[in-house]
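Peer 1: coords please:
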Amino acid sequence: MTQENGKAKGPDYSTSAVELCNPPKVKELLDKLHAQQAVKDDVMEKLKAQSAELMAKMQEIDKAIVDTIANVKSTVDALGSYQDIEAGDYAIKQERKTKQYHVDKFKAYSQFEPYAPAVIQESINVKALEGLVKGTLIAAEDLRNTGVITESVSFSYIVR
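Peer 2: Numbers count the residues shown, from 1 in each chain. Below is the predicted model:
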């Protein structure tokens, strides 16, 4: 967190958020979530001093928070991510990609054949292949276009 004008600022997810467009509906849900979390904190303090009646209330509030977080996530899926750095409000959907390297595709593409002994060892030697790309002997786009490198995508959420 950074400080500006005495206010703490949260991290900026602009480069990693999927569809960051700050929909008002997501902000509305974040405000609801923050209010529920504040009520939970208040009840928790009272619970420490009182009884099982407050414990039942705490479970009710916990369920409401879980439901609201699920609602935030589904709304982000439908409308886009939300971030207000100054207020510390985040409902961010992030995309994560994982590359897979395919030896058979590499071998099948004749342009890569001279480099096969340097990069293939039961599987592709990723560092050696990255060196060939960095040295401009092989274009990264060619590796993707020929299916030598594929990516799988998964998503994670940040809701605060």
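
Peer 1: now do the helices in the protein.
Peer 2: Assigned by DSSP state H, the helices in the chain fall at 24-49, 52-79, 103-108, 116-119, 126-134, 140-145.

Peer 1: next one, pLDDT for the residue nearest the centre of the chain please.
Peer 2: Note on the chain: the residue nearest the mean C-alpha position is Gln94, at 2.7 Å, using C-alpha atoms, centre = their mean. Listed pLDDT for Gln94 reads 93.

Peer 1: so what's it up against?
Peer 2: By C-beta atoms under 8 Å, 6 or more residues apart in numbering, Gln94 lies in contact with Tyr13, Ser16, Ala17, Val18, Phe155, Ser156, Tyr157, Ile158. To be clear about C-beta, it is placed using only N, CA and C from the backbone, and glycine gets the same treatment.

Peer 1: for Lys9, give its distance to Ile158.
Peer 2: Note on Lys9: its distance to Ile158, by C-beta to C-beta, to the nearest Å, is 15 Å.

Peer 1: quick check: closest non-adjacent residue to His143.
Peer 2: One correction, residue 143 is Leu, not His. Spatial nearest neighbour of Leu143, excluding adjacent residues (C-beta to C-beta, 6 or more residues apart in numbering): Ile149 at 4.5 Å.

Peer 1: so where's the protein shaky on pLDDT?
Peer 2: Within the chain, the segments meeting pLDDT under 70 span 1-7.

Peer 1: give the buried residues for the top strand by length along it.
Peer 2: Assignment by DSSP state E gives strand 89-101 as the longest strand of the chain. Within strand 89-101, the residues that count as buried by 16 or more other C-beta atoms under 10 Å are Asp89, Tyr90, Ala91, Ile92, Lys93, Tyr101.

Peer 1: what's around the nearest residue to the third one once chain neighbours are set aside, how many residues?
Peer 2: Spelled out, that is Ala91. Leaving aside its chain neighbours, Ala91 sits nearest to Tyr82 (4.3 Å; criterion: C-beta to C-beta, 6+ apart). Residues within reach of Tyr82, counting by other C-beta atoms under 10 Å, total 27.

Peer 1: wait, doesn't Tyr82 sit right on Asp31?
Peer 2: No - using C-beta atoms under 8 Å, Tyr82 is not in contact with Asp31, being 10.8 Å away.

Peer 1: which residues are common contacts for these two?
Peer 2: Asp89.
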